[in-house]
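Asker: Task: produce atomic coordinates for the following.
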Amino acid sequence: MTYHKINHQWLLISGLALLWASGLKAADSSSKATGELTLEDLINVKVTSVSKKETRLEDSPAAIAVLTQDDLQRLGATSIAEALRAVPGIEVARMNANTWAISARGFNGQYANKLLVLVDGRSVYTPTFGGVYWDLQDLVLEDLDRIEVIRGPGGSLWGANAFNGVINIMTKSAKETQGGLISTTLGTEFLPSVSARYGGQITSNLFYRVYGKYFNQEGFEDKDGRDMNDEWHIGRGGARLDWEPSERNTFTLSGDYFNGAIGEQVQKMAATPFTNTFLKVNAPTSGGNVLGRWTHTFSEEAEFKVQAYYDAVRQIDPFGGGDLEVDPDFLRGNGLIEKQDTWDLDFQDRFPLGARQSVMWGAGFRYTLDSLTSNGGEISFNPSKFGDRLFSTFVQDEIKILPDTLSLTVGSKFEHNDFTGFEVEPSGRLLWTPTERQTVWGSIGRAVRTPSRVERDARVNLAAFPLPDGTPAQVSIFGNPNVDSETVLAYELGYRFQPMRRLSFDIAAFYNDYDLIATRREATRFETTPIPHLLYNPYQYENGFVATSYGTELLAHWQVTDWWRLSGSYSWLHINGGNADNATASPKHQFNITSSIDLTHGLEFDAAGYYTDRYVSSAGLSSPVTINPYLRLDLGLNWRVNQHFEVGLWGQNLVESQHAEFGSYKNSRIAEVPRTITAKLTFRF
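Answerer: Numbers count the residues shown, from 1 in each chain. Next comes the predicted model:
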């Protein structure tokens, strides 16, 4: 596959020229696009992920950032994963055309298992490998309301796996998406991608929307120009109903279905005779979900909510390779055939207790049933089927020690699961607002991460090779059914201040003390099947690996003029834990700056620069690889022609023609992220 060769020096000069030209004539305030946020709007954004109720971001005692719909559009984001690059403390590394490694505050990897991700309150964390299948988290981006990102534990409210952070992806209601929308994206990375949505009104208080989306994306190459066979395509559709029968009651019902195929290149080694083969696979994937929620509001301080959902995933993870295109029914092919079904029911109740306390409590039940069948691949599970029952309850009390000045929030989550039994996750948060423009907060909390099925029940064959005397040997990782949960005790301190009306800062510092799961090598032993061979220093998952991390994160917003806004962030992270898995897979320094300029006649010019420091990633079946520092530059020009029509053009990764961001443990070849040009047309009616 060949990408367009673009003179990046010309693009940089063009970007600077546009930036200079924008200063000659600023757009007047009447030309601002609908939905564009000023600095005051950003400060007063409402968030719900910190305390499970709506509060101002400035009054939230946690390290939280929000990506709004305006941010997503102006960043030129083509996926949720790519949009997260703009959040301080979040590490985003693209492994290939369809796979991302995303984590918060360290320990990154393809299955980064210390970050809980929710979509409209529905958990998309997978218990099979731990982490998130980011290729499956796709929506019509214009229907997103905001993405709330909490760095730091959220276990006291959200439970297990909200370990180093929580990402809550929230869509707009059907009432907010009335009318029609058609958008198409095309460019050097995308074959035409199309989204269509229509929202309407059935009765005076019943609203609906339906949508469909399809994309077909090109694959990447490695540094030597070899095709990585990672092209992919997915189609999806869904609907949402929002009913407001009275001022105090709202009902939501939504559902989605997707189907597609994901390409990948995997490396397979054999010892008799020794071979090292790179295989192209094209793995089918499908799934869907349905969610219902009822909210009853008694008053501004009292609310009752019930939510239930069902989620299903069917896919093949191609351990060991093979052509899977001929396997639409998941009956043949080489790889892990994964079927996962989740049923979840929970409620929460919030009420005032006296004049200075707000109490929230709730309970829930989740049942996850999986079937993990190895069919000719390099991974197997014993047992191959498992059902996990999760019972949970939580309580939280917000105490106003000094009204409008000092408050204390204490609470805990209590859970019981079939993996590790009973878990407790308490936390305490203190919020002090000495002035209207200053906020100081601190917290201490404990969170747990439940072991994944891989860590408990799997065997993964990593490599096969002949010893010098010709004896066949194999390296494998074994799960441990006795492994216990990971734990973290986290301390945080934050300060937000607005020294002047057009300038704000948000600073957070943290210290985390971990007890982790990691792999330890055992003595070489002999195996007789499938042929006699040596099991060479096999790995096994165990508890008892300790680590600490500490760092700071800075976020700043500056409304330079009415028509120009600058935002920037810096993250510094240090991890002590050389024996912990993925301890070195996160950069020590990250920096980004974005510029948003409103030109005249509906034109907008945006620029974003991202710097990522050196780190060490897994790559191939044995050796890690150092990812060198890289600088990414994105430039975008968007024209809102009128209220119905928009056209945008973005150039991304403009500094280099391509660069590596992360390796794969399935392949010693590393896909490189290319420079891309993308155009998007949007029509609203």
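Asker: Could you check the pLDDT of residue 463?
Answerer: You'll see residue 463 listed with a pLDDT of 79.
Asker: Let me see the ranges of the strands in the stretch 251-400 of the chain.
Answerer: If DSSP state E, counting those that start in this stretch is used as the criterion, the strands of the stretch 251-400 of the chain fall at 274-299, 302-317, 335-353, 357-375, 379-381, 385-402.
Asker: would you list these in a markdown table and tack on distance to residue 534 and mean neighbour count?
Answerer: No exception for glycine: its C-beta is placed from N, CA and C like everyone else's. Listed next are these as a markdown table, based on distance: least, C-beta to C-beta, whole Å; neighbours: other C-beta atoms under 10 Å:
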| stretch | distance to residue 534 | mean neighbour count |
| --- | --- | --- |
| strand 274-299 | 14 | 17 |
| strand 302-317 | 27 | 19 |
| strand 335-353 | 25 | 18 |
| strand 357-375 | 22 | 18 |
| strand 379-381 | 19 | 20 |
| strand 385-402 | 31 | 16 |
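Asker: if we compare those, which one ends up closest to residue 434?
Answerer: For the strands of the stretch 251-400 of the chain, the distance to residue 434 is smallest for strand 385-402, at 10.4 Å, taking C-beta to C-beta.
Asker: Who does the closest one pair with, and is each partner parallel or antiparallel?
Answerer: Applying DSSP bridges, strand 385-402 is found paired with strand 357-375 (antiparallel), strand 406-417 (antiparallel).
Asker: Where does the prediction get shaky in this structure?
Answerer: Along the chain, the parts satisfying pLDDT under 70 run over 1-43, 269-276, 319-334, 376-377, 619-623.
Asker: need the strands for the stretch 401-550 of the chain, in chain order.
Answerer: For the stretch 401-550 of the chain, the strands defined by DSSP E, counting those that start in this stretch cover 406-417, 421-435, 438-449, 458-466, 472-478, 486-500, 503-521, 525-527, 533-535, 539-561.
Asker: Tell me which residue of the chain is furthest from the middle?
Answerer: Of all residues in the chain, residue 469 sits farthest from the chain's C-alpha centroid, using C-alpha atoms, centre = their mean; the distance is 47.1 Å.
Asker: how far away is it from residue 534?
Answerer: For residue 469, the distance to residue 534 under the criterion C-beta to C-beta, to the nearest Å works out to 10 Å.
Asker: returning to that earlier point: can I get the strands of the stretch 251-400 of the chain in JSON lines including distance to residue 485?
Answerer: Formatted as JSON lines, the entries for those read as follows, by distance: least, C-beta to C-beta, whole Å:
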{"stretch": "strand 274-299", "distance to residue 485": "26"}
{"stretch": "strand 302-317", "distance to residue 485": "23"}
{"stretch": "strand 335-353", "distance to residue 485": "19"}
{"stretch": "strand 357-375", "distance to residue 485": "16"}
{"stretch": "strand 379-381", "distance to residue 485": "19"}
{"stretch": "strand 385-402", "distance to residue 485": "13"}
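Asker: Can you say which of those strands is nearest to residue 635?
Answerer: Of all the strands of the stretch 251-400 of the chain, the one in closest proximity to residue 635, counting by C-beta to C-beta, is strand 274-299 (33.3 Å).
Asker: Direction included, what does the closest one pair against?
Answerer: Neighbouring strands of strand 274-299 in its sheet, by DSSP bridges, are strand 249-271 (antiparallel), strand 302-317 (antiparallel).
Asker: Let me have these in CSV, extended by distance to residue 679.
Answerer: Listed next are those as CSV, based on distance: least, C-beta to C-beta, whole Å:
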stretch, distance to residue 679
strand 249-271, 23
strand 302-317, 31
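Asker: quick one: which of these is nearest residue 610?
Answerer: In this view, these are compared for proximity to residue 610 by C-beta to C-beta, and strand 249-271 is the closest at 25.8 Å.
Asker: Can I get the closest one in CSV, CA atoms only?
Answerer: Extracted as CSV, the C-alpha positions of strand 249-271 are listed here (Å, rounded to 0.1, in the frame of the first residue of the first chain):
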residue,chain,number,x,y,z
ASN,A,249,-39.7,11.2,35.1
THR,A,250,-37.5,10.3,32.1
PHE,A,251,-37.1,7.0,30.3
THR,A,252,-34.3,6.1,27.9
LEU,A,253,-34.1,3.0,25.7
SER,A,254,-31.2,2.5,23.3
GLY,A,255,-29.6,-0.3,21.3
ASP,A,256,-26.7,-0.8,18.9
TYR,A,257,-25.5,-3.6,16.6
PHE,A,258,-22.2,-3.9,14.7
ASN,A,259,-20.6,-6.4,12.3
GLY,A,260,-17.4,-6.3,10.4
ALA,A,261,-13.9,-7.8,9.9
ILE,A,262,-10.6,-6.8,11.4
GLY,A,263,-7.3,-7.5,9.7
GLU,A,264,-4.1,-8.3,11.5
GLN,A,265,-0.7,-9.8,10.8
VAL,A,266,0.5,-12.4,13.4
GLN,A,267,3.8,-14.2,13.7
LYS,A,268,3.9,-18.0,14.3
MET,A,269,7.0,-20.0,15.2
ALA,A,270,7.4,-23.7,15.0
ALA,A,271,10.4,-25.8,16.3
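Asker: That one: how far from the chain's middle?
Answerer: Strand 249-271 has its C-alpha centroid displaced from the chain centroid by 14 Å (C-alpha atoms, centre = their mean, to the nearest Å).
Asker: cool, stretch 468-478 as well?
Answerer: 37 Å.
Asker: ok so, going back, for the strands paired with strand 274-299, which one sits closest to residue 661?
Answerer: With C-beta to C-beta as the criterion, residue 661 lies closest to strand 249-271 of the strands paired with strand 274-299, at 16.4 Å.
Asker: Assumed residue 607 was part of a strand.
Answerer: Yes - when classified by DSSP: H, G, I helix; E, B strand; the rest coil, residue 607 is found to be part of a strand.
Asker: re the thing from before, let's have the strands paired with strand 385-402 in JSON lines, adding distance to residue 599.
Answerer: Compiled in JSON lines, the strands paired with strand 385-402 are given as follows (distance: least, C-beta to C-beta, whole Å):
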{"stretch": "strand 357-375", "distance to residue 599": "46"}
{"stretch": "strand 406-417", "distance to residue 599": "43"}
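Asker: Compare these and report which one is nearest to residue 644.
Answerer: Counting by C-beta to C-beta, residue 644 lies closest to strand 357-375 out of these; the figure is 43.1 Å.
Asker: Dump the closest one to CSV, keeping only the CA atoms.
Answerer: Taking only C-alpha atoms (Å, rounded to 0.1, in the frame of the first residue of the first chain), the coordinates of strand 357-375 have been written out as CSV:
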residue,chain,number,x,y,z
GLN,A,357,-25.4,16.3,54.0
SER,A,358,-26.2,14.7,50.7
VAL,A,359,-26.3,10.9,50.8
MET,A,360,-26.2,8.5,47.8
TRP,A,361,-26.4,4.8,47.9
GLY,A,362,-27.1,2.0,45.5
ALA,A,363,-26.8,-1.7,44.6
GLY,A,364,-26.3,-3.8,41.5
PHE,A,365,-25.9,-7.3,40.0
ARG,A,366,-23.9,-8.2,36.9
TYR,A,367,-23.6,-11.6,35.3
THR,A,368,-20.9,-12.2,32.7
LEU,A,369,-20.9,-15.5,30.8
ASP,A,370,-18.0,-16.3,28.4
SER,A,371,-17.1,-19.0,26.0
LEU,A,372,-13.4,-19.0,25.0
THR,A,373,-12.5,-21.7,22.6
SER,A,374,-9.1,-22.2,21.0
ASN,A,375,-9.3,-23.5,17.5
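Asker: could you pull out the helices for the stretch 551-685 of the chain?
Answerer: Per DSSP state H, counting those that start in this stretch, the stretch 551-685 of the chain has no helices. Nothing in it meets that criterion.
Asker: Okay, strands next: where are they in it?
Answerer: Taking DSSP E, counting those that start in this stretch to define them, one finds strands in the stretch 551-685 of the chain at 564-576, 589-598, 603-612, 615-618, 624-627, 630-640, 645-652, 658-660, 672-674, 676-684.
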